[in-house]
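> Dropping a prediction and its sequence here:
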Amino acid sequence: VLVFEQRAKERLPKYTHDKAELEAFLLERLRDEATGTRAEKPLPATDVADEARGSRTVLIQGESYQVGYSYEYLVHTANHLIKANKLKPSDCPVQVARGKRYLINTKPKHSNNVPFRAPKVLSNGLYIETHFSTAAAKDYAGRLLDRFGFSQDSFKIE
């Protein structure tokens, strides 16, 4: 945790790191590796808007959505679940990973009261955290579908 914390401070000097959050993140990654629940190939770290600059089409359970930025993978997935009457305020807070961070909440705050870094408002007034790399946004969109009973394979990018 100390080494990770030091490297995080070097690479992200403006971001304040909560030691407990870093520890939870590392424990989650170690558990995923130990249980084999992590994706078979590692996801590349990319900038949030890299891959999605310009227009792409996302298919969620056969419905297509146009996206200009990768954070929209999450927004469209969540709004799709709202439209399907799966994601409601009573489901909040929604976590798709271990730790203190929420993906969706009734207010733009995590469990430790830290504000979302890049909140977006969903169609039913809930807030979704969108401060993720392109790879993480794709991963969390799949996890969100899985959390509400749909296959992660129902999320595709064309």
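Here it is on my side, so go on.
> Run through this protein and note the low-pLDDT ranges.
15-18, 20-21, 32, 35-54 (pLDDT under 70).
> switch the cut-off to 50
38-52 (pLDDT under 50).
> What segments of it are strands?
Ranges of strands in the chain, per DSSP state E, are 56-60, 63-67, 104-105, 119-121, 127-129, 155-157.
> With distance to Ala84 added, can I get those strands in JSON lines?
Every C-beta, even on glycine, is put in place using the N, C-alpha and C of the backbone. Putting the strands of the chain into JSON lines (distance: least, CB to CB, whole Å) gives the following:
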{"stretch": "strand 56-60", "distance to Ala84": "10"}
{"stretch": "strand 63-67", "distance to Ala84": "10"}
{"stretch": "strand 104-105", "distance to Ala84": "15"}
{"stretch": "strand 119-121", "distance to Ala84": "19"}
{"stretch": "strand 127-129", "distance to Ala84": "16"}
{"stretch": "strand 155-157", "distance to Ala84": "14"}
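> Dump those to CSV, plus distance to Val75 and mean neighbour count.
Putting those into CSV (distance: least, CB to CB, whole Å; neighbours: other CB atoms under 10 Å) gives the following:
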stretch, distance to Val75, mean neighbour count
strand 56-60, 10, 17
strand 63-67, 9, 13
strand 104-105, 10, 24
strand 119-121, 5, 15
strand 127-129, 6, 23
strand 155-157, 13, 17
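> Of the ones you listed, give the one that comes closest to Lys19.
Among these, the nearest to Lys19 by CB to CB is strand 127-129 (20.0 Å).
> Quickly run through the sheet partners of that closest one, with directions.
Using DSSP bridges, the strands paired with strand 127-129 are strand 104-105 (antiparallel), strand 119-121 (antiparallel).
> Next up, the contacts around Leu12.
Applying CB atoms under 8 Å, 6 or more residues apart in numbering to Leu12 gives no contacts.
> quick one: contacts of the longest helix along the chain?
Criterion DSSP state H: the longest helix present in the chain is helix 19-35. The contact list for helix 19-35 (CB under 8 Å, 6+ apart) reads 1, 4-5, 8, 37-38, 97-101, 112.
> Convert the C-alpha atoms of that helix to CSV, please.
The C-alpha trace of helix 19-35 is given here as CSV (Å, rounded to 0.1, in the frame of the first residue of the first chain):
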residue,chain,number,x,y,z
LYS,A,19,-5.1,5.4,2.3
ALA,A,20,-8.1,3.2,3.2
GLU,A,21,-9.5,3.6,-0.4
LEU,A,22,-6.1,2.6,-1.9
GLU,A,23,-6.0,-0.4,0.4
ALA,A,24,-9.5,-1.5,-0.5
PHE,A,25,-8.6,-1.1,-4.2
LEU,A,26,-5.5,-3.2,-3.9
LEU,A,27,-7.3,-5.9,-1.9
GLU,A,28,-10.0,-6.0,-4.5
ARG,A,29,-7.4,-6.5,-7.3
LEU,A,30,-5.6,-9.2,-5.3
ARG,A,31,-8.9,-11.1,-4.6
ASP,A,32,-9.8,-10.8,-8.3
GLU,A,33,-6.5,-12.3,-9.3
ALA,A,34,-6.7,-15.0,-6.6
THR,A,35,-10.2,-16.1,-7.6
